[in-house]
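Engineer: Fold the following.
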Amino acid sequence: MALIKSYKGLSPRWGKECYFSENATLVGDVTLGDQCSVWFNAVVRGDVAPITIGDRTNIQDGSCVHVTHDTGPTHIGSDVTIGHNVTVHACTIHNGALIGMGATLLDHCEVGEGAIVAAGALVLQGTKIPPHEIWGGVPARYIKPTSSGQTDNAAHYVEYAKEYMK
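Structural biologist: Residues are numbered from 1 along each chain as shown. As a prediction, this is how the structure comes out:
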């Protein structure tokens, strides 16, 4: 069973058919929609500000989603894929975005709908990535527009989670 921990009277909440790996951790003011998954060694820690996550979003192995005290909630939309070992800190990720393995998103950045942050990218504080663009590098910069279907990974993770819940 995942570690589900209350903090200062606030407890994680989630919708229907969510999957949390045995060593995933959810703490504090965290709200997830339906059919979300939090995978092995991932941490979603809403201890000093809220974290809201839409439907069918997956947070893969080793990732950390956190917030900044009093000023930095984290908002993650629906159908978002957050790859392995990603750091998401006090920012906004819109519906259908894909965050590549090992990427880091800093405070108050924003990833547009259907956008891709490439593996290993560093999205600096306050950066605004428009919808349907690919950004990568250190620091992250515009690369090119997305192609049709490039961010359709979330549905696969809904199916993987169903298998793990059997």
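Engineer: Only C-alpha atoms from now on, for both contacts and neighbour counts.
Structural biologist: Fine.
Engineer: Now the helix or strand hosting E159: buried residues?
Structural biologist: Per DSSP states H and E, E159 falls inside helix 154-164. Within helix 154-164, the residues scored as buried using 16 or more other Cα atoms under 10 Å are A154, A155, Y157, V158, A161.
Engineer: tell me which of those is nearest to D34?
Structural biologist: V158 (9.9 Å; Cα to Cα).
Engineer: so what's that closest one up against?
Structural biologist: Listed by Cα atoms under 8 Å, 6 or more residues apart in numbering, the contact set of V158 reads Q35, C36, S37, R56, N58.
Engineer: what about 7 Å?
Structural biologist: Each residue near V158 by Cα atoms under 7 Å, 6 or more residues apart in numbering is listed here: Q35, R56.
Engineer: do the one 3 residues further on as well
Structural biologist: Neighbouring residues of A161 by Cα under 7 Å, 6+ apart: Y19, S37.
Engineer: same thing with G33?
Structural biologist: The contact partners of G33, by Cα under 7 Å, 6+ apart, come to W14, G15, I53, G54, D55.
Engineer: Would you mind giving those residues as a markdown table with distance to A90 added?
Structural biologist: Below are the contacts of G33 laid out as a markdown table (distance: Cα to Cα, whole Å):
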| residue | distance to A90 |
| --- | --- |
| W14 | 20 |
| G15 | 22 |
| I53 | 13 |
| G54 | 16 |
| D55 | 19 |
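Engineer: Give me the subset of those that lies in strands.
Structural biologist: Counting by DSSP state E, the contacts of G33 place W14, I53 in strands.
Engineer: Could you turn the buried ones of the contacts of G33 into a PyMOL selection?
Structural biologist: Selecting only the buried entries of the contacts of G33 in PyMOL, with 16+ other Cα under 10 Å as the criterion:
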select buried, resi 14+53+54+55
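Engineer: Can you give me the distance of T146 to V27?
Structural biologist: 34 Å (Cα to Cα, to the nearest Å).
Engineer: Between the two, point out the one with more neighbours.
Structural biologist: V27 (21 against 16; other Cα atoms under 10 Å).
Engineer: Quickly list what that one is bridged to.
Structural biologist: Here V27 sits in beta bridges with K5, R45, going by DSSP bridges.
Engineer: correct me, but it touches P12?
Structural biologist: Yes. Using Cα atoms under 7 Å, V27 is in contact with P12, at 6.2 Å.
Engineer: Quick check: neighbours shared by the two?
Structural biologist: In terms of Cα under 7 Å, 6+ apart, V27 and P12 are both contacted by the residues I4, S6.
Engineer: residues near K128, how many?
Structural biologist: For K128, using other Cα under 10 Å, the count is 14.
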